[in-house]
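Peer 1: Give me coordinates for this.
(chains A and B)
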Amino acid sequence: MAHAHESNVKRIWMVFGLLSIVTIVEVGLGIVKPDALYLTNFLGTSPLNWIFIILTLVKAYYITWTFMHMEGEKKWFRRAVVWTAVFLICYLVTLLLIEGEYLNETLAPLIRW
Amino acid sequence: MDANVAISSNKKETWGGGTRPFNVSYGKMMMWFFILSDALTFSGFLAAYGLTRFKFIDSWPIADEVFTHIPFIHGEFPMYYVAFMTFVLIFSSVTMVLAVDAGHKMQKTKVTWYMFATIIGGLIFVGSQAWEWNTFINGTYGAVKTTDGKILQFVNNEGKQIALADFVVGDRMDVREEHTRKNGLWFESGETLPQYSVAQIQASYASNPDVFIRTELIDLETRQKTILSKEKGASELAKARLVVEGANLEVNEYGNTIFADFFFFITGFHGFHVFSGIVINIIIFFNVILGTYERRGHYEMVEKVGLYWHFVDLVWVFVFTFFYLV
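Peer 2: Purely as a prediction, here's the structure:
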C-alpha cells in the first residue's frame, strides 16, 4: 500500500456514532418542525431548511474525509477532486435556483387558484 | 523547457510509467475521477429538481404528506421509514470501511464477513426502495385532476385528508367498463379504469357536507395546503377531468406530476447505483474468498469498490435531504 496504515477501527465507530446522531437530529426536526424554524424566513428559505442543508454537508464531509479516506490523500490530489466538485456544483446550483425563482415570478401570476 | 521547470521531470521512469502521481495508484485515482463526474451528474439532477421546485414553490407537494408509510403498520408515520433506510446505508458504509481496514491488515476472514454484511445492507436498502416505489405508485388517497391541470384532494371537516373510498358512494354513472382482451373486438385491452368515476365523485361530494376539497396551493403563513369552502370546491370539482389513483410519469395524486417524474428519476438512478454497487461488491466478495487479493499481496480492490460504495451513501445523504427533509 501507498501509505503505512495503522488501524482506524475506533475512529470509524466514532464517525458512525456522529453520523447517526446527525441523522437522528435531522429526522427529529423533520417530524417536529418547530414553528419558529419552519414558518419563518431566512435567506430565501426557512431556517429549518438551512439547518438540514448544513447538517447534510457535515455528513458529506465526514463520509468523504473518513470513510473515503480523503484526509489521507496528498493535498493536491484532494484539491483536484474536492475543489472541482465544490466549484462546479456551487456554480450550477446558483444559476439554476436563480432561474427557478425567475420562472416562478413570471409564471405564478398567470395561474388562477 | 528545462529552464521553466523547477524540478526536472525528464527522468526515464516518469515517461516510461511506473511512477504514481500524488502517491495514488492508477485505479484509485480513476475511481476518484469517475466519482467526481458522477457527483456532477447527480448534482445536475438535484439542481434541476431545485429549479423546478422554485418554479412551483407555491404548490409543491409536502414530503411529509407523501411518504408516510411503514411496512406492516397502518397509520401515518412520516420520515421514519426513510430514516431507517438512511441508517441501513450508513451502516453498510461502516462495514465497508471496516472491510477496507481489515484488508490493510491482510485479515482475510474479517474482510469476507464485513463484505458480506455490506452486501446484505445494500440488499435491504434496495428492497426498501422498491417498497417505497410500490407505495408511491399505488398511492394512498386518490384525487381528481381538473381540465386546467390541478390536483384536487379531499379532506374531512377536521382538514385531514381522506381517501376516495371513504366518501364515494353510489353508481359510476358513466357506464364505463374496463376493456379487456377477452371481450373486445380485437385482442387489445384498454387503459385501467379507476375505481370511481368523476361523476360519482362529484355527486358524493355534493351529498356529503363533511367532505371538503384541498388544492395544491400552499398558504405561506402556515405552510399548509389550502382548503376550499364547500361552494368554491364544488366549482373547482366541476372542472374535474379524470380520477387519479397513485403516481406515475403522467399523473400524480400528490400534486405536480413533475414531482413524481423527479422522484422516479433521481431515486431510480440512485437505486441503480446501489444495485450495481451490490453486484460489484459480490464479485469482489468472491474474489476475497478465493484468495485473489491474498495472492496479489494487497486488498486495494476492496478499497476501490469501497470508494464507490461510500459515494452511493454520500449521494443518498443529499437525496434524503432534498426529497424528504427540505
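Peer 1: Confirm for me that residue B:21 is in contact with residue B:29.
Peer 2: Yes: using C-beta atoms under 8 Å, residue B:21 is in contact with residue B:29, at 7.4 Å. For every residue, glycine as well, the C-beta is placed using N, CA and C.
Peer 1: Determine how far stretch B:24-40 lies from the middle of the whole chain.
Peer 2: 25 Å (C-alpha atoms, centre = their mean, to the nearest Å).
Peer 1: oh, I was asking about stretch B:218-227
Peer 2: Put simply, stretch B:218-227 sits 25 Å off its chain's centre (C-alpha atoms, centre = their mean).
Peer 1: close to chain A, is that stretch?
Peer 2: Yes: part of stretch B:218-227 sits near chain A under the criterion C-beta under 8 Å from any C-beta of the partner chain, namely B:221-223, B:226.
Peer 1: Give me the buried subset of the residues you listed.
Peer 2: Among the residues of stretch B:218-227 next to chain A, those that count as buried by neighbour count (16 or more other C-beta atoms under 10 Å in any protein chain shown) are residue B:226.
Peer 1: Pull the number of nearby residues for the residue of chain A found nearest chain B.
Peer 2: Chain A approaches chain B most closely through residue A:100 (3.0 Å), counting by C-beta to the nearest C-beta. Neighbours of residue A:100 under the rule other C-beta atoms under 10 Å in any protein chain shown: 21.
Peer 1: What distance do you get for the closest residue to residue B:61 other than its chain neighbours to residue B:67?
Peer 2: Nearest non-adjacent residue to residue B:61, counting by C-beta to C-beta, 6 or more residues apart in numbering or on different chains: residue B:255, 3.8 Å away. As judged by C-beta to C-beta, to the nearest Å, residue B:255 and residue B:67 stand 13 Å apart.
Peer 1: just for the chain, where's the confidence low?
Peer 2: By default, I'm working from chain A. Along chain A, the parts satisfying pLDDT under 70 run over A:1-7.
Peer 1: Can you look at chain B instead?
Peer 2: For chain B (pLDDT under 70), the answer is B:1-18, B:184-187.
Peer 1: Look through it and tell me its longest helix.
Peer 2: helix B:257-290 (DSSP state H).
Peer 1: Likewise for chain A?
Peer 2: Ranking each helix of chain A by length (DSSP H) puts helix A:75-107 first.
Peer 1: helices and strands around that helix, which ones?
Peer 2: Identification of packing neighbours for helix A:75-107 by 3 or more C-beta pairs under 8 Å, 6 or more residues apart in numbering or on different chains; DSSP states H and E yields helix B:26-55.
Peer 1: How far away from the center of its chain is the helix it packs on?
Peer 2: Chain-centre distance of helix B:26-55: 16 Å, with C-alpha atoms, centre = their mean.
Peer 1: list the buried ones in it?
Peer 2: Using 16+ other C-beta under 10 Å as the test for burial, helix B:26-55 gives B:28-29, B:31-32, B:35-36, B:38-39, B:42-43, B:45-55.
Peer 1: How about it and chain A, touching?
Peer 2: Yes: Helix B:26-55 reaches chain A (C-beta under 8 Å from any C-beta) through B:29, B:32-33, B:35-36, B:39-40, B:43-44, B:47-48, B:50-55.
Peer 1: Would you mind getting the angle between that helix and helix B:257-290?
Peer 2: In terms of direction (axes from the mean of the first three to the mean of the last three C-alpha atoms, to 10 degrees), helix B:26-55 departs from helix B:257-290 by 160 degrees.
Peer 1: Point out the other helices and strands that helix B:26-55 packs with.
Peer 2: Packing partners of helix B:26-55 (3+ C-beta pairs under 8 Å, 6+ apart): helix A:75-107, helix B:257-290, helix B:300-320.
Peer 1: Looking at those, which is nearest to residue B:209?
Peer 2: In terms of C-beta to C-beta, the element of these nearest to residue B:209 is helix B:257-290, at 31.4 Å.
Peer 1: Perfect, I'm done here.
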